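Participant: sequence below, structure please.
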Amino acid sequence: MNKTELVAAIADKAEIKKVEAEKAVKAFTEVVAEELKKGEKVQLVGFGTFEVKENKARTGRNPRTGKSMKIKASKAPKFKAGKALKDSIN
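Facilitator: Prediction:
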């Protein structure tokens, strides 16, 4: 499912116009991104948690040459599914 299909499904489910559903999806993604940038996490009970994972600097290998190389520390967004979501899938 892509963003357009998601917006259409939300509009249908919530019985609202697609324009309103698109605004809601955009607002949701912006708020989650802003909170993650601040180092906060967004927890939706029953659905899951969006948080930032910090990767430490480490030494890796270039697969082509086999040479060692330094990989810088970085941050990456992470989603952890909640129990209710996992149970609904299984």
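
Participant: please enumerate residues in contact with stretch 63-78?
Facilitator: 36, 50-62 (Cβ atoms under 8 Å, 6 or more residues apart in numbering). Using the backbone N, CA and C atoms, a C-beta is placed for each residue, glycine as well.

Participant: mind redoing it with 6 Å?
Facilitator: Residues outside stretch 63-78 that contact it (Cβ atoms under 6 Å, 6 or more residues apart in numbering): 36, 51-62.

Participant: quick check: mean pLDDT of it?
Facilitator: Mean per-residue pLDDT for stretch 63-78: 94.

Participant: just the buried residues of it, please?
Facilitator: Across stretch 63-78, burial judged by 16 or more other Cβ atoms under 10 Å covers no residue at all.

Participant: before we move on, back to that, what about the contacts of stretch 63-78, which one has the most neighbours?
Facilitator: residue 36 (18 neighbours; other Cβ atoms under 10 Å).

Participant: so it sits right up against residue 54, yeah?
Facilitator: No: judged on Cβ atoms under 6 Å, residue 36 makes no contact with residue 54 at a distance of 11.9 Å.

Participant: quick one, phi/psi of the most centrally placed residue in the chain?
Facilitator: Taking Cα atoms, centre = their mean, the centroid of the chain lies closest to residue 79, which sits 5.3 Å from it. For residue 79, the backbone dihedrals (degrees, to the nearest 10) come out as phi -120, psi 130.

Participant: residues contacting it?
Facilitator: 48, 50.

Participant: in the sheet, who's paired with it?
Facilitator: Beta-bridge pairing of residue 79, defined through DSSP bridges, involves residue 50.

Participant: where does the prediction get shaky in the protein?
Facilitator: Of all residues in the chain, none has pLDDT under 70.

Participant: all helices for it, in order.
Facilitator: 3-14, 18-37, 83-89 (DSSP state H).

Participant: just the CA trace of the last one, in PDB.
Facilitator: Spelled out, it's helix 83-89. Taking C-alpha atoms only, helix 83-89 is exported to PDB below (Å, rounded to 0.1, in the frame of the first residue of the first chain):
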ATOM      1  CA  LYS A  83       1.400  -6.600  21.300                       C
ATOM      2  CA  ALA A  84      -2.100  -5.900  20.000                       C
ATOM      3  CA  LEU A  85      -0.800  -5.300  16.500                       C
ATOM      4  CA  LYS A  86       1.300  -8.500  16.600                       C
ATOM      5  CA  ASP A  87      -1.600 -10.500  17.900                       C
ATOM      6  CA  SER A  88      -4.000  -9.100  15.200                       C
ATOM      7  CA  ILE A  89      -1.500 -10.300  12.500                       C
END
